[in-house]
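Colleague: Here is a sequence with its predicted model. Questions after.
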Number of protein chains: 2
Amino acid sequence: MNGQFSLTARDPLSSARTGIIHTQHGPVETPAFAPVGSQGTVKALPHEQVLGLGAQVLLVNSYHLFLRPGLSTIEKMGGIHSFISWPKPIISDSGGFQVYSLTPLAKVREEGVEFMSHLDGTRLFLRPEDAVDTQIRLGTDIMMCLDYFLPFPSPEAGMKEAVRLTSVWARRSKRHSLDHPTRQLLWGISQGGVFWELRKQSIEELAELEFDGHALGGLGLGESKSHLFEILEKADALLPKDKPRYLMGMGYIEDILDAVERGIDFFDCVLPTRNARNGCLFTSAGRVIIKNQKYAQDAKPLDERCSCYTCRNFSRAYLRHLFEREEISSAILNTIHNLHFYLDIFRKIRQSIQSNSYSQFKQSMNRLKDEIT
Amino acid sequence: MNGQFSLTARDPLSSARTGIIHTQHGPVETPAFAPVGSQGTVKALPHEQVLGLGAQVLLVNSYHLFLRPGLSTIEKMGGIHSFISWPKPIISDSGGFQVYSLTPLAKVREEGVEFMSHLDGTRLFLRPEDAVDTQIRLGTDIMMCLDYFLPFPSPEAGMKEAVRLTSVWARRSKRHSLDHPTRQLLWGISQGGVFWELRKQSIEELAELEFDGHALGGLGLGESKSHLFEILEKADALLPKDKPRYLMGMGYIEDILDAVERGIDFFDCVLPTRNARNGCLFTSAGRVIIKNQKYAQDAKPLDERCSCYTCRNFSRAYLRHLFEREEISSAILNTIHNLHFYLDIFRKIRQSIQSNSYSQFKQSMNRLKDEIT
């Protein structure tokens, strides 16, 4: 345990653990799931409902907020919490992921990344120091270092360079944060893909820098499950035990359960919210594709074992009708359900670890991949 | 007072009055505003919030629900209340308005209206008896007669025929409802545009049929305010005092206040919800067009005198940001505000009539037309 993270329980049969991340805006119980609110809102759900569902932390995108409404607006409004009126902890990404995935001709140099705004083509330059500055100005609780991120698969030589530069940038990020003291937490991100020697080097170099948390980046991009789990298991042994570990963008519950078992504490993903809007709903009995004709006269709730507002009140037939009519209510009710489903599972993950029954809980969740019959 | 409508107060200075419409699903206090839920949902707002804002009645569209999901689905799901899980009264239109405004080549005959589905061109025929049947099968609390509706302006000769046929159809609708006994209420609709002699004839012929309520149709279509008010004043003297009066589709608060003063009890309109989605917000100090640049760094709530969730929690700057980003949350938060604004004014209308202060209340609302400065 250190000032920012307290471990509260360990699973005797695996590396699963519970803890509390202490931030300026209160605690985040881990294993934690951060709903994605790229533009400062979870899509299709006002904060009141997101909080009511039990979310303890929100993820926002530095890149999007930097471009619009811009940092000076957010600063004038008193920072991100005040601007969006979200009272609990907020984690921001570095902006790197959007730069690499959204912008044309992003060019990585030793100094940083040169890229063009995806909105108007403006030439911009993002150095690791800029990423920290942006997040300091946003005032988020957990800031992420700028990393050098490669797609999967990438050749080992390229990955080697990505790991080298990621460490250089991590060192500069840390130094910059020390030069600009803040109570905001700063987490590092390791790279290396599934090349264990590179991943090991990356984790070790970052661990030296005493970040407040450690993310594993560049995973969940198409590598096999066995490769992923091998990396997670080896990383588990290497990562500082007293810091939270974040597996970025990993969204399927079955993968999350496997990752928790391998010592991961923190997750984020658009999956529950994006799938909700696309009519793909997660239930305790499998997935429901709500547009299917078979639900047209189905009076049952989405999930008979679910206690969310949607399941307590509405039938599959009505939810199908709203989806087919492209009603905004469809996005809202589906998002309530999927987000409740995720946050409820995270509650149960924490409870089962604390009551030494994580493996039983995990086994009970083995039907999630199937479509419901 | 009769079995379905109790008058509870009268304004000493005007024809404004309060009352209660008694329906199978409970009371509706008048003057009442019915939010529009064409497809069985208010756009961008789950029922929980609509009810929380104080809505006592929901309007649904027979035409849309007839086509999709269809009457047999709704019947199998236990009727409209059960299908959409709305516990309070529901009013349905006859489908006529959509037939005249949405479908190509609608052809009015003595027997009914022939038209083609706007979805797939299927030829359909809607008789007044069919409109009643549809609404009986939906199971709505207040059903509307099929009327013959003409655009504004229309020549007197055409309007004369519309009034004649509307009365014929009203008689057939009433007879059909007597042949199929139901506790659902049936309201008639007068036509005649702003030709007072025709409107008078229409109102008188409908009054003989002992409907449970009387709507004024074919108004608010572009005629001058003075013409409209003249019709409302003369109609007020002629309409049965012991039945609720419904001015269809009239949505601006300033017009509603004038209509209440002329004895109108019931309103519906898409205005608060549609405008919300378009970023046009009603406040006690005038209208706010939220996309305007001047709100980009405006930390004030939309309406400092408003107690809705949106105004209690969010700034104009954040609402503008959500609107600009086309976030679904923008539609939700804006709809919460506009609908609260409307339903709150209706609460105040009823309170002021009951406390003999309607004219003062109406005067206090004289800034609504302006855009906020």
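Modeller: Received, thanks.
Colleague: quick one: the nearest residue to A:S190 once chain neighbours are set aside and chain B, what's the gap?
Modeller: With sequence-adjacent residues excluded and distances taken as C-beta to C-beta, 6 or more residues apart in numbering or on different chains, A:S190 is closest to A:S202, at 3.9 Å. For glycine as for every other residue, the C-beta is placed from the backbone atoms N, C-alpha and C. Per C-beta to the nearest C-beta, to the nearest Å, A:S202 is found 35 Å from chain B.
Colleague: which phi and psi does A:Y252 have?
Modeller: For A:Y252, the backbone dihedrals (degrees, to the nearest 10) come out as phi -70, psi 140.
Colleague: ignore the last one, A:E129
Modeller: Dihedral angles (degrees, to the nearest 10) for A:E129: phi -60, psi -40.
Colleague: Whatever helix or strand A:H214 lives in - which strands sit beside it in the sheet, and in what orientation?
Modeller: In this assignment (DSSP states H and E), A:H214 forms part of strand A:213-216. Using DSSP bridges, the strands paired with strand A:213-216 are strand A:185-190 (parallel), strand A:245-247 (parallel).
Colleague: how about CSV for those, with mean neighbour count, mean pLDDT and distance to A:N313 added?
Modeller: Supplementary listing: the strands paired with strand A:213-216 in CSV, determined by neighbours: other C-beta atoms under 10 Å in any protein chain shown; pLDDT from 0 to 100; distance: least, C-beta to C-beta, whole Å:
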stretch, mean neighbour count, mean pLDDT, distance to A:N313
strand A:185-190, 27, 98, 39
strand A:245-247, 26, 98, 34
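Colleague: ok now do the residue lying closest to A:P240 once chain neighbours are set aside, which residues does it touch?
Modeller: Leaving out its chain neighbours, the residue that sits closest to A:P240 by C-beta to C-beta, 6+ apart is A:A207, at 5.6 Å. Applying C-beta atoms under 8 Å, 6 or more residues apart in numbering or on different chains to A:A207 gives the contacts A:214, A:238-240.
Colleague: again, but for A:V57
Modeller: A:28, A:32, A:34, A:88-91, A:141-142.
Colleague: Give me the subset of those lying in strands.
Modeller: A:28, A:32, A:34, A:90-91, A:142 (DSSP state E).
Colleague: can you count the residues close to the nearest residue to A:K43 once chain neighbours are set aside?
Modeller: Residue nearest to A:K43 in three dimensions, not counting chain neighbours: A:T273, with 5.3 Å by C-beta to C-beta, 6+ apart. Neighbourhood size, A:T273 [other C-beta atoms under 10 Å in any protein chain shown]: 24.
Colleague: Helix, strand, or coil at A:T273?
Modeller: helix (DSSP: H, G, I helix; E, B strand; the rest coil).
Colleague: My guess is it contacts A:S38. True?
Modeller: No: counting by C-beta atoms under 8 Å, A:T273 does not reach A:S38; the two are 10.1 Å apart.
Colleague: measure A:S284 to A:C308 for me?
Modeller: From A:S284 across to A:C308, the span is 12 Å (C-beta to C-beta, to the nearest Å).
Colleague: Between the two, tell me which one has more neighbours.
Modeller: A:C308 (21 against 17).
Colleague: can you give me the helices for the stretch 151-300 of chain A?
Modeller: Here the stretch 151-300 of chain A has its helices, by DSSP state H, counting those that start in this stretch, at A:156-179, A:196-207, A:225-238, A:253-261, A:271-277.
Colleague: Against which helices or strands is the longest one packed?
Modeller: Packing partners of helix A:156-179 (3 or more C-beta pairs under 8 Å, 6 or more residues apart in numbering or on different chains; DSSP states H and E): helix A:128-138, strand A:185-190, helix A:196-207.
Colleague: and the direction of it versus that of helix A:128-138, what angle?
Modeller: Counting by axes from the mean of the first three to the mean of the last three C-alpha atoms, to 10 degrees, helix A:156-179 lies at 50 degrees to helix A:128-138.
Colleague: Which parts of helix A:156-179 count as buried, going by neighbours?
Modeller: Buried residues in helix A:156-179, counted by 16 or more other C-beta atoms under 10 Å in any protein chain shown: A:159-160, A:162-167, A:169-174, A:176-177.
Colleague: Then the fourth one?
Modeller: Within helix A:253-261, the residues that qualify as buried are A:253, A:255-261, counting by 16+ other C-beta under 10 Å.
Colleague: Out of those, the closest to A:M116 would be?
Modeller: Set against A:M116, the nearest of the buried residues of helix A:253-261 by C-beta to C-beta is A:D255 (33.7 Å).
Colleague: for chain B, what are the nearby residues on the stretch 51-200 of chain A?
Modeller: Contacts of the stretch 51-200 of chain A with chain B, taken as C-beta under 8 Å from any C-beta of the partner chain, map to A:68-69, A:73, A:76-78, A:83-85.
Colleague: Filter those residues down to just the buried residues.
Modeller: A:69, A:73, A:76-77, A:83-85.
Colleague: and the residues you listed as TSV, adding secondary structure?
Modeller: Formatted as TSV, those follow (three-state DSSP):
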residue	secondary structure
A:P69	coil
A:T73	helix
A:K76	helix
A:M77	coil
A:F83	helix
A:I84	helix
A:S85	coil
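Colleague: Can you lay out these as a markdown table showing distance to A:Q191?
Modeller: Shown next, in a markdown table, are those (distance: C-beta to C-beta, whole Å):
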| residue | distance to A:Q191 |
| --- | --- |
| A:P69 | 31 |
| A:T73 | 33 |
| A:K76 | 36 |
| A:M77 | 34 |
| A:F83 | 32 |
| A:I84 | 30 |
| A:S85 | 35 |
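Colleague: I'd like the distance between the residue nearest to A:E223 when sequence neighbours are not counted and A:E204.
Modeller: Excluding the flanking residues, the one nearest A:E223 by C-beta to C-beta, 6+ apart is A:V194, at 4.9 Å. Using C-beta to C-beta, A:V194 is found at 17 Å from A:E204.
Colleague: Show me which of these two is the more surrounded one.
Modeller: A:V194 (19 against 13).
Colleague: is it true that the more buried one touches A:F229?
Modeller: No: contact criterion C-beta under 8 Å: A:V194 and A:F229 do not qualify, at 10.4 Å.
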